[in-house]
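S.K.: I need the structure of the sequence given here:
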Amino acid sequence: MALKFYWYPKCGTCRKAKKWLEDHHLQAEEIHIVENSPSKEELKTMLDSSGLEIKKFFNTSGQKYRELGLKDKISSMSEDELLTLLASDGMLIKRPLTTDGNKTTAGFKEDQFKETWLGK
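M.R.: Below you'll find the model as predicted:
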């Protein structure tokens, strides 16, 4: 499976990650995370392949996250409820979300991208 790159074009971190992928000649299908948010099932697959806790999938610095007061609610919600919430609004998802079906990264850290997408 080719890389899927869920991003928000106005996000500086997303643009940095896109440039990194291009600089390393990695082709990715670009998907606007707000217009085409991943489904609950897709998020579950990405979560399972990421090795991350579900709370790492939340855009904790986003306005929507703060508006909903999620900082205090996440710990008492089930994984199913959290996946439903994430699937309901792309602005709640940590971006960019990059996956090849076997591995997934949430956010952009150059070291993490190097290790995950280049195997270095």
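
S.K.: Tell me where the protein has helices.
M.R.: Assigned helices in the chain, in chain order: 12-23, 40-50, 63-67, 70-73, 79-88, 110-113 (criterion: DSSP state H).

S.K.: how about those helices in TSV, adding distance to Thr99, mean neighbour count and mean pLDDT?
M.R.: Every residue, glycine included, has its C-beta placed from N, CA and C. Putting the helices of the chain into TSV (distance: least, Cβ to Cβ, whole Å; neighbours: other Cβ atoms under 10 Å; pLDDT from 0 to 100) gives the following:
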stretch	distance to Thr99	mean neighbour count	mean pLDDT
helix 12-23	13	15	97
helix 40-50	5	17	97
helix 63-67	21	12	94
helix 70-73	23	13	93
helix 79-88	14	16	97
helix 110-113	13	13	96
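
S.K.: Just put those helices in TSV and tack on distance to Phe57.
M.R.: Listed next are the helices of the chain as TSV, based on distance: least, Cβ to Cβ, whole Å:
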stretch	distance to Phe57
helix 12-23	15
helix 40-50	6
helix 63-67	11
helix 70-73	12
helix 79-88	6
helix 110-113	14
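
S.K.: Beta-bridge partners for the residue nearest to the spatial centre of the chain, please?
M.R.: Centre of the chain computed as the mean C-alpha position; nearest residue by Cα atoms, centre = their mean is Leu97, 2.7 Å away. On the basis of DSSP bridges, Leu97 is bridged to Tyr6, Ala106.

S.K.: My guess is it contacts Pro38. True?
M.R.: Yes - counting by Cβ atoms under 8 Å, Leu97 touches Pro38, with 7.0 Å between them.

S.K.: if I look at the two, which residues touch both of them?
M.R.: Listed as contacting both Leu97 and Pro38 by Cβ atoms under 8 Å, 6 or more residues apart in numbering are 6, 46.

S.K.: quick one: the closest residue to Leu47 other than its chain neighbours from Met46, how far?
M.R.: Ranked by Cβ to Cβ, 6 or more residues apart in numbering and with sequence neighbours excluded, the top spatial neighbour of Leu47 is Ile54, at 5.8 Å. Distance, Ile54 to Met46, using Cβ to Cβ, to the nearest Å: 10 Å.
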